[in-house]
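Peer 1: how does the following fold in three dimensions:
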Amino acid sequence: PALLWKILRRPSPTPDDSLPLEHLSHVIPHMTFVIFWGFALLVQISLSFLYILRCFFHFGLVRAEFQHHVGVNYLFAPWIAWLVLLQAADFTPDLPKTTLYLLLWWAFAVPVILLDVKVYGQWFTTERRFLSLVANPTSQLSVVGNLVGARAAAEMGWRETAVCMFSLGMAHYLVLFVTLYQRLSGGDKLPAMLRPVFFLFFAAPSKASVAWKSIAGEFDIWSKMLFFLSLFLFTSLACRPALFKKSMRKFNVAWWAYSFPLTFLALASSEYAQEVKGPIASGLMIVLSALSFLVLLGLILLTMLNTERLF
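Peer 2: Numbers count the residues shown, from 1 in each chain. This next block holds a predicted model:
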């Protein structure tokens, strides 16, 4: 949501074509965004510190997670969060050109690339790790990691690096999407409580549309195609609430998988609305942005109310 807020605050090329939420975002003081971003940073630092402690005191669990066909995909999550938080920083327009931004990008992007080498390499070289055997919706986190890194690189002006990470992510997304669409044995290994990760189906194309816009410099036909794909996948999942019935019986931390895919979709819709002026595009952006914020607030409240159960 911090990144979404930043994009909504971005001025339109022509003031007369500014979007409805742009006026609202400029009415809200900039300090509110700073506080919101700072809170997200504090949460991210706290979670990272807790995981570091886990590595020291429960290394066996971390190693088991690294070797698990579902758990290994979640190792992309912290680096995705750091890269998104880095892109959401809005303290100075020249921030992506600074040395600090460059160093932080390397610190967060290198682990993604190293995990790519492990995960993608195993998909076609290790017999027990063939994609047809281990593919599940969480596998798309690896794709999202590459796309987030690509957009951050594009903001720095590193177009070749951005294209490299984008192509790496999308090539594996196409193979992964077809594999999951065929519902081979790997998809059946996902526990019912993890059904919310099905929202990752539209997270990848949503982020891809925004990443390609940063690379190409405009929300062109390819960005629109990826956005429409993500919108269709979201609609398909929203029309099938029975799919998530078992996972919704009891609160679980896996519910947070609803949040960031919706945010990525809202980001793509805001870019689309800025490119295609009209009431339908603006209305779609408002609905998706509001839904993203409401889901986030709901998850924060539910997490606070169920803290004892989680720990």
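Peer 1: quick one: stretch 290-301 to chain centroid distance?
Peer 2: Computed by Cα atoms, centre = their mean, to the nearest Å, the chain-centroid distance of stretch 290-301 equals 16 Å.
Peer 1: any idea of the mean pLDDT for that stretch?
Peer 2: The average of the pLDDT scores along stretch 290-301 is 90.
Peer 1: now stretch 269-276: buried residues?
Peer 2: Neighbour-count burial for stretch 269-276 flags 269-274 (criterion: 16 or more other Cβ atoms under 10 Å). To be clear about C-beta, it is placed using only N, CA and C from the backbone, and glycine gets the same treatment.
Peer 1: return the subset of those lying in helices.
Peer 2: Within these, residues falling in helices by DSSP state H are 269-274.
Peer 1: and which of those is nearest Leu53?
Peer 2: Closest approach between those and Leu53, by Cβ to Cβ: Ser270, at 37.4 Å.
Peer 1: starting from Ser206, give me the distance back to the closest one.
Peer 2: Per Cβ to Cβ, to the nearest Å, Ser270 is found 11 Å from Ser206.
Peer 1: tell me where the stretch 151-300 of the chain has helices.
Peer 2: 159-181, 200-216, 221-238, 259-275, 279-305 (DSSP state H, counting those that start in this stretch).
Peer 1: show me what the longest one is packed against.
Peer 2: Counting contacts by 3 or more Cβ pairs under 8 Å, 6 or more residues apart in numbering; DSSP states H and E, the secondary-structure elements packed against helix 279-305 are helix 2-9, helix 20-27, helix 259-275.
Peer 1: run the last query once more with 10 Å
Peer 2: Secondary-structure packing of helix 279-305 (3 or more Cβ pairs under 10 Å, 6 or more residues apart in numbering; DSSP states H and E): helix 2-9, helix 20-27, helix 221-238, helix 259-275.
Peer 1: likewise for the fourth one?
Peer 2: Using 3+ Cβ pairs under 10 Å, 6+ apart as the contact definition, the elements that helix 259-275 packs against are helix 2-9, helix 20-27, helix 77-88, helix 140-156, helix 200-216, helix 221-238, helix 279-305.
Peer 1: what about the fourth one, average pLDDT?
Peer 2: Which is helix 140-156. 93.
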